[in-house]
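>>> Sharing a sequence plus its predicted fold:
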Amino acid sequence: MCDAEIVFGEWKVGYVVDATPEWMNYQLEVSRFFGDLGMKAQVDQTVRGVRTSHDIDVLVRGSYAGFDITWVVECKAWRSRIPKEKVLALRQIVDDVGADRGFIMAESGYQSGALEAALVSNVTLTSIADLIERLRYDLATTKLAKLEHRVDEARERYWTLGKSVRIDAGLRPEVGAGGYSGDQVIAGVDVVLREVRLRGFPVIYDAVMASLGSYGNRYSPDLEGRGTTFSDPEKLFAFLDCELSELEAKLDQAHGGDSAPPESVPM
């Protein structure tokens with residue numbers, strides 16, 4: 001079992017690349033954050049409005065809470081608090097381009113005048129840290145849903161390998177022996193994701209019982225207190241991501257480092 005760290009997309013919050021300006025890193029962090037919510041986030045976009053064109057730090061489009069949305073996001077990697085003028089300027093941009101909402105993202109905070117200017121408006125003053133806290137559940141459940149594709153791909157790659165290859169690669173034990181089983185991991189992740197989708201939390205991850213269920217046995221994850229219970233989608237994502245990463249590494253080795261599955265071989 002490996003230790004897992006929760007990251008939001010490929011960019012960790014607060015992560016800065018030395019060769020890249022801080023403001024650009026912040027834009028990328030913001031873009032990755034909204035992308036992890038399942039939306040399309042584009043950096044440095046020029047959008048034509050009714051009156052003029054506007055340079056947008058991050059343009060977000062997609063569906064949120066069942067509605068199609070367009071959000072204009074300004075990113076301020078400042079050391080000082082954001083003043084009122086920036087809020088008023090963004091309100092004009094949002095109105096001119098017909099966006100649903102504007103966001104100013106700043107970790108440094110806002111002046112009192114800026115907070116007052118944002119009241120009763122469609123401009124939200126926030127930060128990555130604040131949105132992570134407020135949207136933590138939505139973000140984690142969105143990331144869980146994305147694991148389903150990885151499970152399907154892992155299953156296909158696993159069963160294209162012959163039994164002897166799987167044994168040699170450490171993907172399954174010898175017949176009658178105990179040890180790591182990629183089949184159990186695939187079944188366990190698949191079942192728990194389905195349970196989350198159908199019933200929500202808490203859920204019980206039990207790879208052994210899930211594997212038995214895939215062969216026609218009744219699935220009962222709480223039998224004799226087996227399995228691990230998860231009530232937090234973030235912790236479940238971290239755990240399942242780790243399980244799949246370990247399996248994918250073994251599959252890469254078995255396939256000679258090629259992530260694409262080879263032609264089917266006899267089992």
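Received it, and whenever you're ready, just let me know what you need. Being a predicted model, the structure only gives us computed values, none of them experimental. Numbers count the residues shown, from 1 in each chain.

>>> only C-alpha atoms for contact and neighbour calcs from this point on.
OK.

>>> how much space between the residue of the chain most remote from its centre and I186?
What lies farthest from the middle of the chain is G176; by Cα atoms, centre = their mean that is 38.0 Å. According to Cα to Cα, to the nearest Å, G176 and I186 sit 20 Å apart.

>>> same thing with D36?
From D36 to I186 the distance is 23 Å (Cα to Cα).

>>> The two: who's more crowded?
Legend: neighbour count by other Cα atoms under 10 Å for D36 and I186, higher for I186 (23 against 20).

>>> Surely the more buried one forms part of a helix?
Yes. Per DSSP: H, G, I helix; E, B strand; the rest coil, I186 lies within a helix segment.

>>> In this structure it contacts V151, no?
Yes. Between I186 and V151 a contact is recorded at 6.2 Å, counting by Cα atoms under 8 Å.

>>> Give me the common contacts of these two.
L244 (Cα atoms under 8 Å, 6 or more residues apart in numbering).

>>> Which stretches in the stretch 1-150 of the chain count as helices?
22-36, 84-97, 112-118, 128-134, 136-159 (DSSP state H, counting those that start in this stretch).

>>> tell me which residues in whichever helix or strand comes after the longest one are buried?
Looking back up the chat, that one is helix 136-159. Going down the chain from helix 136-159, the next helix or strand is helix 163-168, by DSSP states H and E. Residues of helix 163-168 classed as buried by neighbour count (16 or more other Cα atoms under 10 Å): K163, V165, R166, I167.

>>> Contacts for helix 163-168, please.
So helix 163-168 is in contact with Y158, R172, P173, E174, A254, M267, going by Cα under 8 Å, 6+ apart.

>>> Buried ones from these, can you make that a ChimeraX selection?
Buried members of the contacts of helix 163-168, defined by 16+ other Cα under 10 Å, are picked up in ChimeraX with:
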select :158,172,173,254
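
>>> Mind putting the contacts of helix 163-168 into TSV with distance to V87?
Shown next, in TSV, are the contacts of helix 163-168 (distance: Cα to Cα, whole Å):
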residue	distance to V87
Y158	53
R172	58
P173	61
E174	65
A254	55
M267	63
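
>>> Output the contacts of helix 163-168 in TSV; the columns should cover pLDDT and distance to Y180.
Shown next, in TSV, are these (pLDDT from 0 to 100; distance: Cα to Cα, whole Å):
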residue	pLDDT	distance to Y180
Y158	97	13
R172	95	6
P173	93	6
E174	93	10
A254	94	15
M267	41	18
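
>>> So which of the contacts of helix 163-168 is the closest to P233?
Set against P233, the nearest of the contacts of helix 163-168 by Cα to Cα is Y158 (26.6 Å).

>>> how many neighbours does the residue lying closest to the closest one once chain neighbours are set aside have?
Nearest residue to Y158, sequence neighbours excluded (Cα to Cα, 6 or more residues apart in numbering): L251, at 6.9 Å. For L251, the neighbour count with other Cα under 10 Å is 25.

>>> Report the contact partners of L251.
Applying Cα under 8 Å, 6+ apart, the residues near L251 are A154, R157, Y158, A169, L171, S259.

>>> Which of the residues in the longest strand anywhere in the chain are classified as buried?
Taking DSSP state E as the criterion, the chain has its longest strand at strand 53-64. For strand 53-64, burial by neighbour count (16+ other Cα under 10 Å) applies to I56, D57, V58, L59, V60, R61, G62.

>>> Format the residues you listed as CSV; extra columns: pLDDT and distance to A238.
Shown next, in CSV, are the buried residues of strand 53-64 (pLDDT from 0 to 100; distance: Cα to Cα, whole Å):
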residue, pLDDT, distance to A238
I56, 96, 33
D57, 96, 30
V58, 96, 27
L59, 96, 28
V60, 94, 26
R61, 93, 27
G62, 88, 25
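
>>> Give me the next element, helix or strand, following the lowest-mean-pLDDT helix or strand in the chain.
Sorting the helices and strands of the chain by mean pLDDT, DSSP states H and E puts helix 207-214 at the bottom, at a mean of 71. Per DSSP H and E, the first helix or strand lying C-terminal to helix 207-214 is strand 228-230.
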